[in-house]
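**Student:** quick one: sequence and predicted model below, then my questions.
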Amino acid sequence: VDAAIVELRRRIDGPVSVDTGGYQVSTSISVPFQRSMNEAVRRYLGKVRPRIKTANSVNDAPDACVHNGVLRPGCPVWARVLSEDEERGGYLADLFGRLGWIPRDSLEVVEPYRPGGGVLKPGEWVKVIPLGEVLLASPRVTEEVLLQPLVEPQIAAVLLHAPTGAVLAVYGGVDHRYHPFNRAISAHRQVGSTIKPFLYLAAAEILGWEADTEVPIGSIDLPGAGGRKWRVRDTHRLKGTPTLTDALAHSSNTAAVRTLRKLQLAPFLEKWRQWGLPEIEGDNLSLALGNVEMSPMELAQCYSLLANYGACAPTPTLIWHIVDGMGNPVGEAPRFCLGEASRTAVDAVLPGLHAVVEEGTGRHASIPGLVVAGKTGTTTDGTDAWFAGIVSEHVLVVWVGSDDHEPIPGNSGPTTAAVLWKEIAMETFGAPQE
């Protein structure tokens, strides 16, 4: 519901308030699919038993949380309470040496995190998460800051109908009462190896590679920060020179980096733009390892390009129709298509995505009798784990990770995200009958 309201506010452009305009909205959400996703996640959480993190340490904001002096939405950080501001109904807090304001009406969600919460005392450290951007150079926050507990792991999932971009189901986070920030739509995290299919898609279009084209592998040194070099290695052993399909199935890091080096960065990014996918940035070969950020919904849109066999990937939407208080239709669903890929190039990549599930890093997502193509992704120390999967015309993307960008032992695309993906897919599509 919250996600649909956000899209409604974005699409209504006029003097009438969304809150009082009497709008009637038809959403794209499928009630059966949404129930299936909720039930599958509930069952998964019963197995992993998420925990609430406590204030046992105080750290500065991770680099990933701050950009150009702005604290990003959905990025939890520690703040020190300075005093109560009775006139404004909240608390003054120290945010990275700047004065920030925390509304009192957000304190009700503190209690599960700190028993007896609800009253803050000067000098206390609390965990905060912005629902909008917080200007760190300003004496006031630009949007409300919500106090909340940190749950680990957090989860996000989105199910798209690839041909239309319709969002059929969405899961924004564990326990929405305490975490109203919708990670499926608004949390931008590094995508890891889920970007690799698009490297080979570009190689197929630019270099003419096919599924059985041999791809060079082997450790490679790249320039890093401070003039130091960093060595890219493979965690999965591949014998000889693998094919494109093998390199993708086993998520070869060195093959991905060498492929991007052969393509060169600028031509790859130009291809990305021609495909009409959500904008990304990159200035070095670490892009090949997924050193770019996307939301789960944006990543699902990217995989829609593959599910559509190269036909355009429409901008995802949660709203089909809007009628105002007078019964007049207000615009149509924004089915924006900005580009497409070669069908031949997609055909070169899809066998690798099937092999990921059949014999590669995504084996835990395999469902007997169901044709699945997908890709795992993991960032450093298990901070983010992904699985993006295609089932017929549907794209299902799941993310498992930590809000505070801290490591999660054992969290990875193959071990956690793929398992959660299978749980949702089984509940959503059902196990095919023999």
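**Tutor:** Yes, it's here.
**Student:** for the stretch 251-400 of the chain, give me the ranges with low pLDDT.
**Tutor:** 331-336 (pLDDT under 70).
**Student:** which parts of it are strands?
**Tutor:** Ranges of strands in the stretch 251-400 of the chain, per DSSP state E, counting those that start in this stretch, are 293-294, 319-323, 329-332, 373-378, 384-391, 394-401.
**Student:** each with direction, which strands does the first one pair with?
**Tutor:** The strands that strand 293-294 pairs with in its sheet are strand 189-190 (antiparallel) (by DSSP bridges).
**Student:** contacts for the strand it pairs with next, please.
**Tutor:** When contacts are defined by C-beta atoms under 8 Å, 6 or more residues apart in numbering, strand 189-190 is touched by residues 64, 290-295, 379, 383-384, 399, 401. Every C-beta, even on glycine, is put in place using the N, C-alpha and C of the backbone.
**Student:** again, only this time at 7 Å
**Tutor:** Residues from elsewhere that reach strand 189-190 (C-beta atoms under 7 Å, 6 or more residues apart in numbering): 290-293, 379, 384, 399, 401.
**Student:** among those residues, which one has the most neighbours?
**Tutor:** Highest neighbour count within the contacts of strand 189-190, by other C-beta atoms under 10 Å: Trp399, with 30 neighbours.
**Student:** hang on, the earlier thing: make a markdown table out of the contacts of strand 189-190 and add distance to Val31.
**Tutor:** Shown next, in a markdown table, are the contacts of strand 189-190 (distance: C-beta to C-beta, whole Å):
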| residue | distance to Val31 |
| --- | --- |
| Gly290 | 34 |
| Asn291 | 38 |
| Val292 | 34 |
| Glu293 | 31 |
| Thr379 | 34 |
| Asp384 | 30 |
| Trp399 | 23 |
| Gly401 | 28 |
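**Student:** and the strands of the stretch 251-400 of the chain as JSON lines, adding distance to Ala355?
**Tutor:** Shown next, in JSON lines, are the strands of the stretch 251-400 of the chain (distance: least, C-beta to C-beta, whole Å):
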{"stretch": "strand 293-294", "distance to Ala355": "24"}
{"stretch": "strand 319-323", "distance to Ala355": "36"}
{"stretch": "strand 329-332", "distance to Ala355": "40"}
{"stretch": "strand 373-378", "distance to Ala355": "9"}
{"stretch": "strand 384-391", "distance to Ala355": "13"}
{"stretch": "strand 394-401", "distance to Ala355": "18"}
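**Student:** out of those, which gets nearest to Val167?
**Tutor:** strand 319-323 (9.1 Å; C-beta to C-beta).
**Student:** what packs against that closest one?
**Tutor:** The contact analysis (3 or more C-beta pairs under 7 Å, 6 or more residues apart in numbering; DSSP states H and E) places strand 319-323 against helix 2-11, strand 24-27, strand 329-332.
**Student:** ok so, going back, which among the strands of the stretch 251-400 of the chain is found nearest to His161?
**Tutor:** In terms of C-beta to C-beta, the element of the strands of the stretch 251-400 of the chain nearest to His161 is strand 394-401, at 6.3 Å.
**Student:** how about residues contacting the closest one?
**Tutor:** For strand 394-401, contacts defined as C-beta under 7 Å, 6+ apart pick out 153-162, 183, 189, 296, 299-300, 303-304, 307, 383-389, 408, 411, 416-417, 420-421, 424-425.
**Student:** and for the chain, the residue most distant from the center?
**Tutor:** Distance from the centre of the chain peaks at Glu87, with 38.9 Å (C-alpha atoms, centre = their mean).
**Student:** just to revisit the earlier point, what is the nearest of the contacts of strand 189-190 to Cys337?
**Tutor:** Val292 (21.9 Å).
**Student:** if I look at the residue nearest to the closest one when sequence neighbours are not counted, how far off is Arg228?
**Tutor:** Using C-beta to C-beta, 6 or more residues apart in numbering and skipping residues adjacent in sequence, the residue nearest Val292 is Ile280, 4.5 Å away. To Arg228, Ile280 is 25 Å away according to C-beta to C-beta, to the nearest Å.
**Student:** for Trp421, same thing?
**Tutor:** For Trp421, the distance to Arg228 - C-beta to C-beta - is 36 Å.
**Student:** between those two, who's got more neighbours?
**Tutor:** Taking other C-beta under 10 Å, Trp421 and Arg228 do not tie; Trp421 has more neighbours (30 against 8).
**Student:** can you tell me the SS state at that one?
**Tutor:** helix (DSSP: H, G, I helix; E, B strand; the rest coil).
**Student:** which parts of stretch 341-355 are buried?
**Tutor:** By neighbour count on 16 or more other C-beta atoms under 10 Å, the buried set for stretch 341-355 is 341, 345-346, 348-355.
**Student:** could I get those as a markdown table with distance to His364?
**Tutor:** Shown next, in a markdown table, are these (distance: C-beta to C-beta, whole Å):
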| residue | distance to His364 |
| --- | --- |
| Ala341 | 28 |
| Ala345 | 28 |
| Val346 | 25 |
| Ala348 | 25 |
| Val349 | 21 |
| Leu350 | 20 |
| Pro351 | 20 |
| Gly352 | 17 |
| Leu353 | 15 |
| His354 | 15 |
| Ala355 | 15 |
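**Student:** great, nothing more from me.
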